[in-house]
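Q: how would this look folded up:
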Amino acid sequence: MLRLSKLTDYAVVVLVRLSRGEGVQTSPGIAATTGIPEPTVAKVLKILAAGGLVASQRGARGGYRLMRPLAAIPVADVIGAVDGPIALTACVDGSAVECESRGLCPMHGRWDPVNEAIHQALVGITLADMQEASIPRAFRIPATVSIPAAE
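A: Numbers count the residues shown, from 1 in each chain. Here you go, the predicted structure:
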């Protein structure tokens, strides 16, 4: 089973929360609104800052802010920042773990196309797509529809 870490899940929640605020937000503030424990939020923010997804600001009015809008953050970038390169097995290119049977295995290199397909799918889905997916399709308003102002 392919499973992402809990920290990656939390990272998505934290990034979406950062998109809903003006300016910078603090880890205690994010923790209070998301229900994620503050030490975990602080850890996730540190990882996301190292991955270039958020920027930190020191001082009395310090905190964190997004480096780019949710529509410009593919899910693959979040996974890469938190969990490292996407690798289904130890024998795919870019895997952090070395396969012990690499020289003898008849499947060596055969997982690369599968891994690449999954990577491309994750590159094609942004956090904005995920945020929008939480709105039931029946209640979404197509971008081509204009809504008249209330009188």
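
Q: Contacts only, for the nearest residue to Leu15 once chain neighbours are set aside.
A: Nearest non-adjacent residue to Leu15, counting by Cβ to Cβ, 6 or more residues apart in numbering: Leu127, 5.7 Å away. To be clear about C-beta, it is placed using only N, CA and C from the backbone, and glycine gets the same treatment. Taking Cβ atoms under 8 Å, 6 or more residues apart in numbering, we find Leu127 in contact with 12, 15-16, 19, 70-71, 73-75, 78.

Q: By neighbours, which of these wins?
A: Ranked by the number of neighbours (other Cβ atoms under 10 Å), the contacts of Leu127 place Val78 first, at 26 neighbours.

Q: check which helix or strand covers that residue.
A: Using DSSP states H and E, the element containing Val78 is helix 75-83.

Q: and that helix, what does it pack onto?
A: Applying 3 or more Cβ pairs under 8 Å, 6 or more residues apart in numbering; DSSP states H and E, we find helix 75-83 packed against helix 6-19, helix 38-50, helix 112-123, helix 127-133.

Q: Now render the ones you listed as CSV, adding distance to Leu88 and mean pLDDT.
A: Below are these laid out as CSV (distance: least, Cβ to Cβ, whole Å; pLDDT from 0 to 100):
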stretch, distance to Leu88, mean pLDDT
helix 6-19, 15, 95
helix 38-50, 22, 97
helix 112-123, 5, 89
helix 127-133, 21, 86
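
Q: Check which residues of stretch 14-26 are buried.
A: Neighbour-count burial for stretch 14-26 flags 14-19, 24-26 (criterion: 16 or more other Cβ atoms under 10 Å).

Q: Please read the previous query as pertaining to stretch 120-129.
A: 122, 126-127.

Q: Distance of the spatially most central residue of the chain relative to Glu132?
A: Nearest to the mean C-alpha position of the chain, by Cα atoms, centre = their mean, lies Val78 at 3.1 Å. According to Cβ to Cβ, to the nearest Å, Val78 and Glu132 sit 16 Å apart.

Q: Check Arg17 too.
A: In this view, Arg17 and Glu132 are 16 Å apart by Cβ to Cβ.

Q: Ok, Ser5 next?
A: 24 Å.

Q: before we move on, what about Gly84?
A: Here the criterion is Cβ to Cβ. By it, Gly84 lies 27 Å from Glu132.

Q: same deal with Ile47?
A: Note on Ile47: its distance to Glu132, by Cβ to Cβ, is 25 Å.
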